[in-house]
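**Student:** Output the structure for:
(one chain, ligands or ions: 2)
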Amino acid sequence: MAYIISDECLSCGACEGECPVGAISEGDGKYVIDADACVECGACAGVCPVGAPSAE
Ligand code: SF4
Ligand code: SF4
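**Tutor:** Numbering: from 1, shown residues only. Ligands and ions are numbered 1, 2, ... in the order given. You can find the predicted model right below:
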């Protein structure tokens, strides 16, 4: 199960560069995770200032 970014996302972009597989990109109003690429490492959740990414 991939991580997912909630609507709490501020689109700060901090998580994008932390993802080891490049699964995070800027979406419409928030950042989004490619569920097929995510390896569930949790790095995005660790850097997010508002805790938007979480395991589904
Ligand atoms: Fe990328 Fe890891 Fe976050 Fe998945 S959990 S989107 S692999 S940083
Ligand atoms: Fe959104 Fe958090 Fe990623 Fe910033 S670090 S773009 S607030 S999910």
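**Student:** Which positions in the protein make contact with ligand 2?
**Tutor:** Contacts of the chain with ligand 2, taken as CB under 6 Å from any ligand atom, map to 5, 9-15, 31, 47-48, 50, 52-53. Quick note: C-beta positions are derived from backbone N, CA and C, even for glycine.
**Student:** can you pick the most crowded of those residues?
**Tutor:** P53 (25 neighbours; other CB atoms under 10 Å).
**Student:** where does C38 fall, phi/psi-wise?
**Tutor:** phi -60, psi 130 (degrees, to the nearest 10).
**Student:** so it touches I5, yeah?
**Tutor:** No - in this structure C38 lies outside contact range of I5 using CB atoms under 8 Å: 10.5 Å.
**Student:** Which parts of the chain are helices?
**Tutor:** In the chain, the helices defined using DSSP state H lie at 43-47.
**Student:** those strands in it, which residues are they?
**Tutor:** Here the chain has its strands, by DSSP state E, at 3-5, 24-26, 31-33, 53-55.
**Student:** Now tabulate those in JSON lines and tack on mean pLDDT.
**Tutor:** Output for the strands of the chain, formatted as JSON lines (pLDDT from 0 to 100):
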{"stretch": "strand 3-5", "mean pLDDT": "98"}
{"stretch": "strand 24-26", "mean pLDDT": "98"}
{"stretch": "strand 31-33", "mean pLDDT": "98"}
{"stretch": "strand 53-55", "mean pLDDT": "97"}
